[in-house]
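>>> based on what follows, work out the 3D shape:
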Amino acid sequence: MTSDEIDTRLTDIFREVFDDPAMTLGPDMTARDVAGWDSGRMVEILMATEEAFGITFTTREVDALASVGDLADTIARKRAGA
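Here you go, the predicted model:
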């Protein structure tokens with residue numbers, strides 16, 4: 001799976017979770033950049049991501065996520081090891 005494919009799927013997930021069809025993501029985007037991105041929304045993002053990519057995050061991986069780019073990188077690593 002290419003990074004563009006990961007970015008496209010993540011964008012779809014974020015648009016659905018935040019009910020914002022025009023939302024665009026960037027690798028440096030964090031929860032501070034998005035109104036309403038709280039712990040509940042993070043759980044929704046993670047669950048939808050696990051389902052969409054067929055992966056499961058560990059607690060350590062979740063704790064290390066600081067940005068959308070970190071999430072994309074973690075997905076890429078997990079998919080490469082699958």
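
>>> could you check how many residues crowd around residue 53?
Residues within reach of residue 53, counting by other C-beta atoms under 10 Å, total 21. Glycine gets a C-beta too; all of them are placed from N, C-alpha and C.

>>> quick check: phi and psi on it?
For residue 53, the backbone dihedrals are phi -100, psi 0 (criterion: degrees, to the nearest 10).

>>> spatially nearest residue to it, not counting backbone neighbours?
Closest residue to residue 53 apart from its sequence neighbours, by C-beta to C-beta, 6 or more residues apart in numbering: residue 75 at 5.5 Å.

>>> how close does the one you found get to residue 36?
Using C-beta to C-beta, to the nearest Å, one gets 23 Å for the distance from residue 75 to residue 36.

>>> more crowded one of the two?
A direct count of neighbours by other C-beta under 10 Å for residue 75 and residue 36 places residue 75 higher, at 24 against 11.

>>> where does that one sit: helix, strand or coil?
Secondary structure assignment for residue 75 (DSSP: H, G, I helix; E, B strand; the rest coil): helix.

>>> residues contacting the residue lying closest to residue 15 once chain neighbours are set aside?
Excluding the flanking residues, the one nearest residue 15 by C-beta to C-beta, 6+ apart is residue 23, at 4.9 Å. Going by C-beta atoms under 8 Å, 6 or more residues apart in numbering, residue 23 touches 11, 14, 15, 34.

>>> can you list the residue ranges for strands in this structure?
In the chain, no segments count as strands under DSSP state E.
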